[in-house]
Structure formats: C-alpha cells, structure tokens
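> Model the structure of this input:
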Amino acid sequence: MAFPSRHVLPPEPGEPAAPGSRITVEAGDILMRRGLNDHARSAQVNVVEAAKALEDFRLGRGAALERAEILACRAVTTFQERTGEHDEAAWQAAVVYMVELWATRYTAGRPAAFDPAPAPPSLFTPGHPLRLETVSRDAHDHVLGAGRSLERAARGVDTIDIARAQHGMHEAARLLHDQLDGLSMPLWVLISRFCAEIHAENLRILKTPAPGASA
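Residues are numbered from 1 along each chain as shown. Coordinates of the predicted model:
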C-alpha cells in the first residue's frame, strides 16, 4: 500500500536553513539579519576583484577576462564552503550576476556597459543559460526594484521604501528558489539582499556629482 508523501515543514528560526547548511534561519526584517558578507566576506572580495577584471576586459585588456573568471570561480567555491550549501549551478548564476552588477558602477561614461561581450564558453557570455536574469527575469526585476527602493530610503524620500525593498528581496528569492532550489530559501534571501544593496550603491554613485563638477 502506497502512503502519501509527508509534507516537509520549513525550518524554524534558529535552525539550519537546510540539512548541512551553515545559514541559520532568522526571523524579523530582512535588513536586520546577518548579511551574506557576514558569512563569506572573502567571497565578496573575490566578487569585487572579478568585477574590476571584467571592466578591464571591456576596456580592451583581453587577458583580464581569464582573471575575472578565475576570481568568479573562487567566489563560488568560497560561498559554498562558508554557507555549507553547494549547488554549483545556483552559485554560478548568483556570482556572475553579482560580478556584472558590481561592474556596472564602472561604466557610467560608456554608452554600452556590456560591450564587448565575451565569446562562448565564458561565464560572462550574454547567452549563457545560467544567467540569473535568464533563469528568472521577474526575479531580476525585483532585485533592481529593491535596489531602487533602498537608494530612495537612504535619501529619506519615502518611509515606505524599506518595506518595498524587503518585499522585492523576498519575491526575488522566492522566484529563484522555485527555479534553482539547490540553495535554501533563506540563502536566496541573503543573495537577493546582497544584489539589491549592490544596485543601490551603484545608483548612489551615479547620482553623486564628480569632483569639481558644478552643482
């Protein structure tokens, strides 16, 4: 006689986000929880350095592409080790997205931020199937929307922007977890927050007058 499958309850606050995960479920506002960089600060350094190398490639230094890919792969490995969650495809999609999002802050003066595009089989090829915005375009839009809300909140434009930002992070995480469930939902929330904060800082930088510029 076949028995119905048992419904698996989500972990409670204080419990691991998934079996073997080093991420602990936290309750309360997303922005009050430990961030992804608290779990893996050295991986964030790799993301930043990979973004700088990717920009060097786009400025014509062809050899920099290999360095960008090596650093991105190093970030993937470090995130896997520090979080205890190891899904390669999910981390690749997340890290490439982080790197490219960070790299956009260097491109304000160029009309085409992502040119030249690396040829296959580079991780940074626009047609790569594991690009986060390809996995879920709606999640990508939620991340950018959350970043815009965070940037507005920092300027005190609207007190509701913090709530909007956190809602966007949660929705992005939900959509990504639906598609790439090898990482836990709590970890996807941290990834979405991290990416939204990168975008918010990009917007702040773009809106800051250059030194010596007239008001």
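
> Run through the residues that contact Val96.
Residues in contact with Val96 (Cβ atoms under 8 Å, 6 or more residues apart in numbering) are Ala72, Leu123, Phe124, His128, Leu130, Arg131, Leu132. Glycine gets a C-beta too; all of them are placed from N, C-alpha and C.

> which SS class is it?
helix (DSSP: H, G, I helix; E, B strand; the rest coil).

> Name the surrounding residues that touch the lowest-mean-pLDDT helix or strand in the chain.
Using mean pLDDT, DSSP states H and E, the weakest-scoring helix or strand in the chain turns out to be helix 132-135, at a mean of 92. Outside helix 132-135, the residues that touch it by Cβ under 8 Å, 6+ apart are Ala93, Ala94, Val96, Tyr97, His128, Ala139, His140, Leu176, Gln179, Leu180.

> how about a cut-off of 6 Å?
If you take Cβ atoms under 6 Å, 6 or more residues apart in numbering as the criterion, helix 132-135 is touched by Ala93, Tyr97, His140, Gln179.

> Now secondary structure too, for those residues, in JSON lines please.
Below are the contacts of helix 132-135 laid out as JSON lines (three-state DSSP):
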{"residue": "Ala93", "secondary structure": "helix"}
{"residue": "Tyr97", "secondary structure": "helix"}
{"residue": "His140", "secondary structure": "helix"}
{"residue": "Gln179", "secondary structure": "helix"}
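
> Number of residues surrounding the closest residue to Pro118 other than its chain neighbours?
Excluding the flanking residues, the one nearest Pro118 by Cβ to Cβ, 6 or more residues apart in numbering is Phe124, at 4.8 Å. The local packing of Phe124 (other Cβ atoms under 10 Å) involves 22 other residues.

> Asp56 now?
Asp56 has 18 neighbours, counted by other Cβ under 10 Å.
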